[in-house]
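Chemist: Quick one, what's the 3D model for this:
(one chain, ligands or ions: 1)
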Amino acid sequence: MAYLGPRGTYGEQAARAFASRYNDSSIDLIPCPSISEVYSHPADFVVLPLENTLQGGVVETLDNLLSILLTPPSESSRDAHTRRRKIVMDLALPIRHCLVAKKGTKLEDIRWIRSHEQALGQSAQFLSRHLPAASLQPYPSTARAAVSLLSEADSSGRGAALCSKAIMSLYPAELEVLFEGTQAIENNFTRFLLLQRDTHAPPPTPTSSHNSHPTHFYALRNASLLAPVLSVVKPIEIHSRPCPPNPNPHISNGHKDEGEGLFPTWYLVEISSVAQGEEDNDDGMRSLDGVVCLGSTAGRMTPEELAVL
Ligand SMILES: O=C(O)C(=O)C[C@]1(C(=O)O)C=C[C@@H](O)C=C1
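Modeler: Residues are numbered from 1 along each chain as shown. Here you go, the predicted model:
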């Protein structure tokens, strides 16, 4: 199971929780250096952060999920295994950031702060109030930012990281927590998705809160597809992202003739299956040209289930 590493990330916590849903103790957790490398990893399972209470969609995840719109069905290279993967589960992980620094560092000495851009954004109010002069340095993950402090040549401790307290169990002798709870609100969650290859692996065992109303995810190539889709289903959420420049002019990115001019956009639409006649609706969605099904969440883990892991 591939996740955004190194050890100590929120992604690792999500991966452990997802792995516990499988009656298979042989699932290895594989840390990857970036969200894009998680997405393209050939593992049977990958774990991706989708959205956060305070900061909204995780753009690197959205761009990777939507990149399927550029992949022709016959693709045989890097994208073959990503095409065969489907979303099977989600969870909402409580997110509580700590300001962490090398032991002995004082708050007033801190000149720069590293973290994943999501964590920096979620802590913007704290940073402007307590560390207004510090420069912000985006890192590929919260734990990578914390680990980078250890190899910092500057031993006077002028830098800090925002990350999960979990990092302290890995580096108790080197790091210390200067402040707990830097995010703007207590009820801060990041939703993670589990994608599973449609071969080999068994399905997850249902959670105790087994979701009798799964939700379904679709990638849409342009805005004109929103109208037919929204006329047949109940949308729960719609994320939009700029359509990337087309790397392969032989494959349409869906925008040449759409008249969207300067701002071509792709959409990730999540729909509920509680709408009447859901089966028909789902078939209707799949048959639309420019719509790709990305999978369904079968059961969401509750905070209580996460707490006992
Ligand atoms: O950097 C991490 O620890 C991650 O797991 C990534 C990530 C994200 O991409 O949103 C996950 C949860 C938090 O919102 C901050 C960062």
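
Chemist: So His213 is in contact with Ser296, correct?
Modeler: No: with contacts defined as C-beta atoms under 8 Å, His213 does not count as touching Ser296, sitting 10.4 Å away. In this view, the C-beta of every residue, glycine as well, is placed from N, C-alpha and C.

Chemist: Give me the more crowded residue out of those two.
Modeler: Ser296 (19 against 10; other C-beta atoms under 10 Å).

Chemist: May I have the helix or strand hosting the more buried one as PDB, with CA atoms only?
Modeler: Using DSSP states H and E, Ser296 sits within strand 291-297. What follows is the C-alpha trace of strand 291-297 in PDB, where atoms were taken according to Å, rounded to 0.1, in the frame of the first residue of the first chain:
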ATOM      1  CA  VAL A 291     -17.100  10.900 -18.300                       C
ATOM      2  CA  VAL A 292     -14.800   8.300 -16.600                       C
ATOM      3  CA  CYS A 293     -15.900   6.400 -13.500                       C
ATOM      4  CA  LEU A 294     -13.200   6.500 -10.800                       C
ATOM      5  CA  GLY A 295     -14.800   4.200  -8.300                       C
ATOM      6  CA  SER A 296     -17.000   4.200  -5.200                       C
ATOM      7  CA  THR A 297     -16.600   4.400  -1.500                       C
END
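
Chemist: what's it in contact with?
Modeler: Contacts made with strand 291-297 from outside it, assessed by C-beta atoms under 8 Å, 6 or more residues apart in numbering, are listed as 65, 68-69, 85-90, 193, 195, 211, 214-221, 225, 229, 268, 273, 285-286.

Chemist: Report the buried residues of it.
Modeler: Residues 291-292, 294-297 are the ones in strand 291-297 that count as buried (16 or more other C-beta atoms under 10 Å).

Chemist: Excluding residues flanking it in the chain, which one is nearest Ile236?
Modeler: Excluding its sequence neighbours, the residue lying closest to Ile236 (C-beta to C-beta, 6 or more residues apart in numbering) is Glu270, at 4.6 Å.

Chemist: Show me the residue at the heart of the chain, geometrically.
Modeler: To find the centre residue of the chain, average its C-alpha atoms and take the closest one (C-alpha atoms, centre = their mean): that gives Pro49, at 1.4 Å.

Chemist: wait, doesn't that one sit right on Ile35?
Modeler: Yes: shown here, Pro49 and Ile35 form a contact pair, counting by C-beta under 8 Å, at 7.3 Å.

Chemist: ranges for the helices of the stretch 201-309 of the chain?
Modeler: Ranges of helices in the stretch 201-309 of the chain, per DSSP state H, counting those that start in this stretch, are 226-232, 278-286, 303-307.

Chemist: taking the mean pLDDT, what do you get for stretch 288-306?
Modeler: For stretch 288-306, mean pLDDT is 78.

Chemist: just to revisit the earlier point, among the helices of the stretch 201-309 of the chain, where is the model least confident on average?
Modeler: Among the helices of the stretch 201-309 of the chain, helix 278-286 carries the lowest mean pLDDT (a mean of 56).

Chemist: so how far is Ala2 from Leu195?
Modeler: As judged by C-beta to C-beta, to the nearest Å, Leu195 and Ala2 stand 9 Å apart.

Chemist: Now do the shared contacts for these two.
Modeler: With C-beta under 8 Å, 6+ apart, Leu195 and Ala2 have common neighbours 45-47.

Chemist: Among these, which lie within strands?
Modeler: Judged by DSSP state E, the shared contacts of Leu195 and Ala2 include 45-47 as members of strands.

Chemist: Reformat those residues as a markdown table; add distance to Tyr39, pLDDT and neighbour count.
Modeler: Supplementary listing: those in a markdown table, determined by distance: C-beta to C-beta, whole Å; pLDDT from 0 to 100; neighbours: other C-beta atoms under 10 Å:
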| residue | distance to Tyr39 | pLDDT | neighbour count |
| --- | --- | --- | --- |
| Phe45 | 12 | 94 | 25 |
| Val46 | 6 | 97 | 29 |
| Val47 | 10 | 98 | 31 |
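
Chemist: for those residues, which one is nearest Leu120?
Modeler: Checking those against Leu120 by C-beta to C-beta gives Val47 as the nearest, at 21.4 Å.

Chemist: out of everything not next to it in sequence, what's closest to Ala92?
Modeler: Setting aside the residues directly before and after it, Ala92 is nearest to Phe189 in space (C-beta to C-beta, 6+ apart), at 4.3 Å.

Chemist: what's around Pro94, how many residues?
Modeler: Count around Pro94 with other C-beta under 10 Å applied: 16.

Chemist: quick one, phi psi at it?
Modeler: The phi and psi values for Pro94, taken as degrees, to the nearest 10, are phi -60, psi 130.

Chemist: So it sits against Asn188, correct?
Modeler: Yes: applying C-beta under 8 Å, one finds Pro94 in contact with Asn188, separated by 7.1 Å.
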